[in-house]
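[1] give me coordinates for this.
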Amino acid sequence: MISQIHITNEKYRSERSAEIAAACDITASSISIVYYDLALKRRYARTALFGEAITSQNAAKEFMRLLITSMREYNIGASAIKSVGIAAPVHIESVLDGELSADELYLPPETEIFFVPYISAGISGRFTATLLTLPDGEWSAADLGQSICMANRSADGIVCAAFPLAGAFDGSGLESGMPAENGAIDAVRREKDGSIVYEVVGDRESIGISPCGAVTAANAMISAGIVDSDGIMTDRDLFYIGEDFFVSQSDIRVIQSDKARCRAAFELFPSSERTFLSGEMFSTAAGLRALSELGALPERIRGAGFCRNSTEQGIILCLEDPEIRRKADEIALTARDITEELIPEFDNFYFDNLSF
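    Next comes the predicted model:
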């Protein structure tokens, strides 16, 4: 992961009301805050921090600082913030729940601080928020990040599972990796003359490589014979994208491992005719195609619906509607985590899918 801290600010609208909710998504390597206009029913602005590991020790400090500085950036007064919704990994949420208050955030005392409830120790409120965005009926869903969280809804209810990943699909395990924020190299391809062409999120100077950029680069390397079926770079140690960023042999190993873990999870977990995917890999349609070409996804879900960050939208839904919060509580209480039931077979499927 890139080691320099970056903060991006993006204002979507010029006008807003005096009723704003802050939807905050915290991962192991980033924090994002979406300012949602409750009166006008639309997103107003978004701020993201990345380039630093977020832990239970520094999460409260980094979140408070980001909230205060971003409110100043968008000229949002404390009195305009009516509620703050947070989804985070379980170990971080447990700390924040005890440390954060309206007073600590310099907000009015009546401001509500809400945490999206988690399903189990391994399946955080981030995934609960994702499930809130899905339609009625039967479906399967997966979120690819620090782990792959999966859910299947049938007439018998919701079952879930989570398997750890090595960091290819959220960028944290890549040497030049970063989330698919502005400045991330995305959608790499190799032209017929051998030249490397790539896009940068936000059409600006590149500062790192997104998961989609790394996986599309890996696919180009495999097609050109630069990486063999065992995941070994045959004629070099680094594959440069532009002058400053590269995919390394260690990156290929991380991609190879996560490809096998992802495929194993999909082979083991119950499926449905409707599948929905989310995560940094899905910043564009190129991410879904890249995972399919890599072999990380089975053929049956190549037509899945996808989005980059369903967690943010799930938090917004909770902040808008008390009924959605009750639904979140119900999911957290009734969804069954079946990870332990699947673990004994997982390793076999993993090793079977390691080769490119």
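
[2] now stretch 187-206, how far from the centre of its chain.
    22 Å (C-alpha atoms, centre = their mean, to the nearest Å).

[3] and it, what's its mean pLDDT?
    Taken as a whole, stretch 187-206 carries a mean pLDDT of 90.

[4] can you get me the start-to-end distance on that stretch?
    By C-alpha to C-alpha, to the nearest Å, the extent of stretch 187-206 from end to end equals 13 Å.

[5] and that stretch, what's buried?
    Residues of stretch 187-206 classed as buried: 187-188, 190, 198-201, 206 (neighbour count, 16 or more other C-beta atoms under 10 Å). From N, CA and C alone the C-beta is placed, and that goes for glycine too.

[6] and stretch 222-238, by the same measure?
    Neighbour counts using 16+ other C-beta under 10 Å place 222, 226-227, 231, 233 of stretch 222-238 among the buried residues.

[7] the residues you listed: which two are farthest apart?
    Taking every pair in the buried residues of stretch 222-238 and measuring C-beta to C-beta, the maximum separation is 11.4 Å, between 226 and 231.

[8] pick the one among the buried residues of stretch 222-238 closest to residue 317.
    Distances from residue 317 to the buried residues of stretch 222-238, taken by C-beta to C-beta, are shortest for residue 222, at 39.6 Å.

[9] gap between the spatially closest residue to the closest one that is not a sequence neighbour and residue 28?
    Distances taken as C-beta to C-beta, 6 or more residues apart in numbering place residue 356 nearest to residue 222, at 5.3 Å, with adjacent residues excluded. For residue 356, the distance to residue 28 equals 27 Å [C-beta to C-beta, to the nearest Å].

[10] now residue 42
    As judged by C-beta to C-beta, residue 42 and residue 28 stand 30 Å apart.

[11] ok, these two, which is more surrounded?
    A count of neighbours by other C-beta atoms under 10 Å puts residue 28 above the other of residue 42 and residue 28, at 19 against 12.

[12] for the more buried one, what are its contacts?
    For residue 28, the contact set (C-beta atoms under 8 Å, 6 or more residues apart in numbering) comprises 53-55, 89, 146, 170, 172.

[13] make a markdown table out of the residues you listed and add secondary structure, distance to residue 270 and pLDDT.
    Listed next are these as a markdown table, based on DSSP: H, G, I helix; E, B strand; the rest coil; distance: C-beta to C-beta, whole Å; pLDDT from 0 to 100:
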| residue | secondary structure | distance to residue 270 | pLDDT |
| --- | --- | --- | --- |
| 53 | coil | 34 | 96 |
| 54 | coil | 32 | 97 |
| 55 | coil | 34 | 97 |
| 89 | coil | 25 | 98 |
| 146 | coil | 23 | 95 |
| 170 | coil | 24 | 97 |
| 172 | coil | 28 | 97 |
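
[14] buried ones among those?
    Taking 16+ other C-beta under 10 Å as the criterion, what is buried in the contacts of residue 28 is 54, 89, 146, 170, 172.

[15] most remote residue from this structure's center?
    Most distant residue from the mean C-alpha position of the chain: residue 193, 34.5 Å away (C-alpha atoms, centre = their mean).

[16] can I get the buried ones among the contacts of residue 28 in TSV including distance to residue 109?
    Shown next, in TSV, are these (distance: C-beta to C-beta, whole Å):
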residue	distance to residue 109
54	27
89	28
146	35
170	36
172	37
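
[17] nearest to residue 335, of these?
    Scanning those for proximity to residue 335, where the rule is C-beta to C-beta, the winner is residue 89, at 17.1 Å.

[18] ok, back up a step: go through the buried residues of stretch 187-206 and flag which are in helices.
    Nothing among the buried residues of stretch 187-206 maps onto helices, per DSSP state H.

[19] make TSV from these and add distance to residue 276 to it.
    Listed next are those as TSV, based on distance: C-beta to C-beta, whole Å:
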residue	distance to residue 276
187	22
188	26
190	31
198	27
199	25
200	27
201	22
206	30
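
[20] what's the closest of those to residue 46?
    Nearest to residue 46 among the buried residues of stretch 187-206: residue 201, at 13.3 Å, using C-beta to C-beta.

[21] okay, buried residues for stretch 240-250 please.
    Quick answer for stretch 240-250 (16+ other C-beta under 10 Å): 241, 245-248.

[22] pipe those into a markdown table and attach pLDDT per row.
    Listed next are the buried residues of stretch 240-250 as a markdown table, based on pLDDT from 0 to 100:
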| residue | pLDDT |
| --- | --- |
| 241 | 92 |
| 245 | 92 |
| 246 | 94 |
| 247 | 95 |
| 248 | 96 |
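
[23] quick one: these as TSV, columns for secondary structure and distance to residue 23 too.
    Listed next are the buried residues of stretch 240-250 as TSV, based on DSSP: H, G, I helix; E, B strand; the rest coil; distance: C-beta to C-beta, whole Å:
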residue	secondary structure	distance to residue 23
241	strand	32
245	strand	31
246	strand	35
247	strand	33
248	strand	35
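
[24] tell me the one among those residues nearest to residue 267.
    residue 247 (26.5 Å).

[25] isn't the closest one up against residue 239?
    Yes - using C-beta atoms under 8 Å, residue 247 is in contact with residue 239, at 4.5 Å.
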